[in-house]
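>>> I would like to see how this sequence folds:
(chains A and B)
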There are 2 protein chains.
Amino acid sequence: MYEELLEMIENKKYKSVKESLLEMHVQDIADLLEQIESPSDIIKVFRLLPKDIGAEVFSYIESDIQEKLVTALSDKEISYIIEEMYIDDAVDFMEEMPGNVVERVLRASNKETRLMINKYLGYQEDTAGSIMTPEFIDLKENTTVSTCLKRIKRLGENVETINVMYITDQARVLKGVVTIRDILLAEEDAKIGDIMDDNVIYAETSTDQEEIARIFKQYDFIALPIVDKEKRLVGIVTVDDIVNVIEEEATEDIALMAGATPSEKPYLKTSSFRLWINRIPWLIFLLLSATFTGLIISKNESVLSTGIYGILLTACMPMIMGTGGNAGGQASATIIRGIALNEIEFKDSLKVMWKELKVSLLIGVSLSVLCFGKIMLLDGLLFKTEGVTAVSSLVISISMLVTIVISKLVGCMLPLLAKKCHLDPAVVANPFITTIIDILSLLIYCNLAIAFLF
Amino acid sequence: MYEELLEMIENKKYKSVKESLLEMHVQDIADLLEQIESPSDIIKVFRLLPKDIGAEVFSYIESDIQEKLVTALSDKEISYIIEEMYIDDAVDFMEEMPGNVVERVLRASNKETRLMINKYLGYQEDTAGSIMTPEFIDLKENTTVSTCLKRIKRLGENVETINVMYITDQARVLKGVVTIRDILLAEEDAKIGDIMDDNVIYAETSTDQEEIARIFKQYDFIALPIVDKEKRLVGIVTVDDIVNVIEEEATEDIALMAGATPSEKPYLKTSSFRLWINRIPWLIFLLLSATFTGLIISKNESVLSTGIYGILLTACMPMIMGTGGNAGGQASATIIRGIALNEIEFKDSLKVMWKELKVSLLIGVSLSVLCFGKIMLLDGLLFKTEGVTAVSSLVISISMLVTIVISKLVGCMLPLLAKKCHLDPAVVANPFITTIIDILSLLIYCNLAIAFLF
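Numbers count the residues shown, from 1 in each chain, chains lettered A, B, ... in the order given. Model (predicted):
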């Protein structure tokens, strides 16, 4: 999308590049910088930007390019960028940098900023503290609307939002909230205390960002005040950060459900070694747990493989285990997502099990009828597989029905149990669900087959 | 969380209920209403609310309770609610209602609202048109800041946001954007045309909501203007709707990846029959495709089951197929999510394949070494399974290595191909990936075993 610009950069037509840059949005300039191959070109293009735009662009650049830039920039340039950035962006940036870069940046910033950044770096990752910003407007109850408007004029440039403002008392304790709309619709001499909403919803610095996201969704907020243990206002979280939180949490759950540790970085920026680390643990677990399925098969195979049914029974094994895994996976994915969205809680367990029982019977009956037909017609008549009879087809179909019901119940109960034990349903549930379903479906299959066919 | 209130409602202490309601946020009142069991109590509690609060609460209630309410309310009450709702909420509401309710509501609303709702009901689901609202403030370039502030005072109550306003010309063509911050920081006699940003980002009514969400994330917007084919401003989308879109899209992808059609409603509100419909198609597909794996096994089993290796080879089959499925699933989930987040495009295919090749070799080598040890020690020494020798363990381990490499490559390529063919990677990829990996891993396994062990 930036082919033309990238070509101009390669041909060193910096004057035209600069003209184009000045017409672009800062986020798009950041995208462009990320697409430049040569590190020296990145720095040249960055220096074409006016100082204030450069600082803003910087906060939108991906961390590996930020690191390259910081290494090449002068202390003065770094200092300017850091002072201009919102504190939450500066903290995000510092968290991604290696130690030596952090040291250099802190040395280059002024004392006040340094203290602020250090304080924010202290909040635990994924808490409200780690995503909040201290740059908000706070008001007192006895301020008038007209004084407030003057305050906005003075501070408006340097705060992250003026759409919502918070009211605190002398001890900085949170008292109320007022929107810019409330202020603009009120009389000039009205007191903020009279137009504010004193029933204000807030969160603590230690609250998990997932919970913060839930609050935003519930109330359609564009900002949420964050307080310390004494209910003193220390920062605000804005909705643009929450959009990212919601997306990250979903990405993490998807990775966990597929049996991989979530990556911190986008796929293309994650090293192969890192991907190996992320993916190998579950595969090892499943490999070792395959010992159980192996044992069940080798114990029963000496019986199963005798007689005319041997080949048919072995041939249908992947179908039974696969259907069990898929049926259970459908249930667990639905329940895990439902729990993540707060739509399902542990107290709904009985309702959930009852529903899954009904669904699994519907699915089990329809699939086992289909399975019976498939074995008789496809495997028996068409492919003439040895051992296809009405009895053997029926036994296999009934195994499938039982497997589906058990798999769905395991698939819905384990995430709920994980939640009850304060474990992440997405992490705990998956390896166990797969293993348990594999073992159960094989046991059902082998036992039913031996009971009725031998 | 509302136990006390629910008890008061049951005991008909309506006076205290009303007092508590007046101190609650509208979204929490909506939650409370959803938790009341008896339909007549829902209506009684709803009628305790002052008219304007009731109308606001109504737009936050889930559609099945909305339907119950509408059936019980008088035409006059319905009319008041509809007029008070934002058009986008009213349209959402109407889309969920059965035909007879829609008719009654439209009859109860005034002509202007009726026309507006009908127009909005015409936009395709999941497009910008279907989630936008026409209630915004538009300005002209030659308006002054002070006139603009007066306009806000007059219209402020009835628009969805005053944080961002849009500038249009005589033909209603979108010309620029201005934030409330720009306006408050400007001089009273400044012209809007001079302080607006004329480089305004917008979307068309037909743009997919996923693309709209992408724009919000890229630019940290709180609202986005939506135009028709002639670039005339027809509505805005606000960030609170986008938060829902992002979450819905992730939920849909999770359902699809688990092989189920996404539900429109939360799990507990979805009927068992609906869940059956959502889940059965993929299970049928996989059941039928198991014919292939069955054929491969029955063709090879007559060879495999002869000699000392028979039991071991059958016992390890689920392990090989399972590992292939899991390894491929990890790759496809990562790539599908990467494509959904716009981090991976078709042009990155070679990079992706190269990365997956490296990762799969790392995983394949480490897992097959582990597999060799596991078979020799656990299956051989500990459980004394027949047929465990260095050669048979090696053949099984090499099959595992090859299966992992092939599975990862299939898992990463199919989502990319689906994207290239303008299909949803999450839909197309999964059933095919599972089937293809099952077939390939069995073919590899059987052929290697027969070549080296018989």
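>>> What residues of the helix or strand of chain A with the lowest mean pLDDT count as buried?
The weakest-scoring helix or strand in chain A, judged by mean pLDDT, DSSP states H and E, is helix A:111-121 (a mean of 79). Across helix A:111-121, burial judged by 16 or more other C-beta atoms under 10 Å in any protein chain shown covers A:113, A:116-117, A:120. For every residue, glycine as well, the C-beta is placed using N, CA and C.
>>> Looking at these, which is nearest chain B?
residue A:120 (19.3 Å; C-beta to the nearest C-beta).
>>> Wait, that closest one touches residue A:128, no?
No: using C-beta atoms under 8 Å, residue A:120 makes no contact with residue A:128, being 11.5 Å away.
>>> Provide the partner residues of residue A:144 in its beta bridges.
Beta-bridge partners recorded for residue A:144 (DSSP bridges): residue A:191.
>>> mind checking how far it is from residue B:187?
Per C-beta to C-beta, to the nearest Å, residue A:144 is found 21 Å from residue B:187.
>>> Tell me which of those two has more neighbours.
Ranked by neighbour count (other C-beta atoms under 10 Å in any protein chain shown), residue A:144 and residue B:187 place residue A:144 first, with 17 against 11.
>>> Which strands or helices does the helix or strand following the least confident helix or strand of chain A pack on?
Sequence-wise, the next helix or strand downstream of helix A:111-121 (DSSP states H and E) is helix A:128-131. With contacts taken as 3 or more C-beta pairs under 8 Å, 6 or more residues apart in numbering or on different chains; DSSP states H and E, helix A:128-131 sits against helix A:209-219, strand A:223-227, strand A:233-238.
>>> Go again with 7 Å.
With contacts taken as 3 or more C-beta pairs under 7 Å, 6 or more residues apart in numbering or on different chains; DSSP states H and E, helix A:128-131 sits against helix A:209-219.
>>> mean confidence score for the helix it packs on?
Across helix A:209-219, the average pLDDT comes to 91.
>>> Quick check: chain neighbours aside, which residue is closest to the most centrally placed residue in chain A?
Residue closest to the mean C-alpha point of chain A, counted by C-alpha atoms, centre = their mean, is residue A:249 at 1.7 Å. Spatial nearest neighbour of residue A:249, excluding adjacent residues (C-beta to C-beta, 6 or more residues apart in numbering or on different chains): residue A:210 at 5.7 Å.
>>> Over to residue A:360?
Of all residues not flanking residue A:360 in the chain, residue A:408 sits nearest, at 3.7 Å (C-beta to C-beta, 6+ apart).
>>> and that neighbour, how many residues sit next to it?
Residue A:408: 30 surrounding residues under other C-beta under 10 Å.
>>> distance of it from residue B:329?
Taking C-beta to C-beta, one finds residue A:408 at 19 Å from residue B:329.
>>> Equivalent analysis for residue A:338, please.
Distance from residue A:338 to residue B:329, by C-beta to C-beta: 21 Å.
>>> what about the helices in the stretch 151-300 of chain A?
With DSSP state H, counting those that start in this stretch, the ranges of helices along the stretch 151-300 of chain A come out as A:180-185, A:192-195, A:209-219, A:239-257, A:272-304.
>>> Kindly report the same for the stretch 301-450 of chain A.
Using DSSP H, counting those that start in this stretch, helices in the stretch 301-450 of chain A cover A:310-340, A:349-374, A:390-420, A:425-453.
>>> Comparing those helices, which comes out most buried?
Among these, ranked by average contacts under mean count of other C-beta atoms under 10 Å in any protein chain shown, first place goes to helix A:310-340 (a mean of 26).
>>> mean confidence score for it?
According to the model, helix A:310-340 has a mean pLDDT of 90.
>>> Equivalent analysis for stretch A:173-184, please.
Computed over stretch A:173-184, the average pLDDT equals 93.
>>> Sketch out the low-pLDDT regions of the stretch 1-150 of chain A for me.
A:1 (pLDDT under 70).
>>> What residue in it comes nearest to chain B?
Counting by C-beta to the nearest C-beta, the stretch 1-150 of chain A gets nearest to chain B through residue A:27 (5.3 Å).
>>> how much does whichever strand or helix holds that residue deviate in direction from helix B:209-219?
Per DSSP H and E: residue A:27 is located in helix A:26-35. Taking axes from the mean of the first three to the mean of the last three C-alpha atoms, to 10 degrees, one finds that helix A:26-35 is oriented at 90 degrees with respect to helix B:209-219.
>>> Now do helix A:26-35: everything it contacts.
Contacts to helix A:26-35, defined as C-beta atoms under 7 Å, 6 or more residues apart in numbering or on different chains, come from residues A:2, A:5-6, A:21, A:42, A:45-46, A:53, A:56-57, A:60-62, A:65, B:218-219.
>>> what comes up buried for it?
Those would be A:26-33, for helix A:26-35 by 16+ other C-beta under 10 Å.
>>> Got phi/psi on residue A:98?
Torsion angles at residue A:98 (phi, psi; degrees, to the nearest 10) stand at phi -70, psi 160.
>>> Skipping adjacent residues, who's closest to it in space?
Per C-beta to C-beta, 6+ apart, closest to residue A:98 is residue A:67, 7.3 Å.
>>> any idea which element that neighbour lies in?
Using DSSP H and E, residue A:67 falls in helix A:63-72.
>>> name the helices or strands packed onto that helix?
Right, helix A:63-72 is packed against helix A:39-48, helix A:99-108 by 3+ C-beta pairs under 7 Å, 6+ apart.
>>> Would you mind identifying the next helix or strand past that helix?
Taking DSSP H and E, what comes next after helix A:63-72 is helix A:75-84.
>>> what sits up against stretch A:373-393?
A:308-309, A:311-312, A:315, A:372, A:396, A:452-453, B:287-288, B:291, B:294-295, B:298.
>>> oh sorry, the question was meant for stretch A:63-75
Contacts of stretch A:63-75 (C-beta under 7 Å, 6+ apart): A:33-34, A:39, A:42-43, A:46, A:58, A:78, A:93, A:96-97, A:101, A:105, A:108, A:269.
>>> Which pair of those spans the longest distance?
Using C-beta to C-beta, those span at most 26.3 Å, a distance reached by A:108 and A:269.
>>> Quick check: closest non-adjacent residue to residue A:130.
Spatial nearest neighbour of residue A:130, chain neighbours left out: residue A:123 (4.5 Å); criterion: C-beta to C-beta, 6+ apart.
>>> wait, I meant residue A:106
residue A:114 (5.3 Å).
>>> likewise residue A:407?
residue A:328 (3.6 Å).
>>> Over to residue A:258?
Distances taken as C-beta to C-beta, 6+ apart place residue B:333 nearest to residue A:258, at 3.4 Å, with adjacent residues excluded.
>>> Sounds good, over and out.
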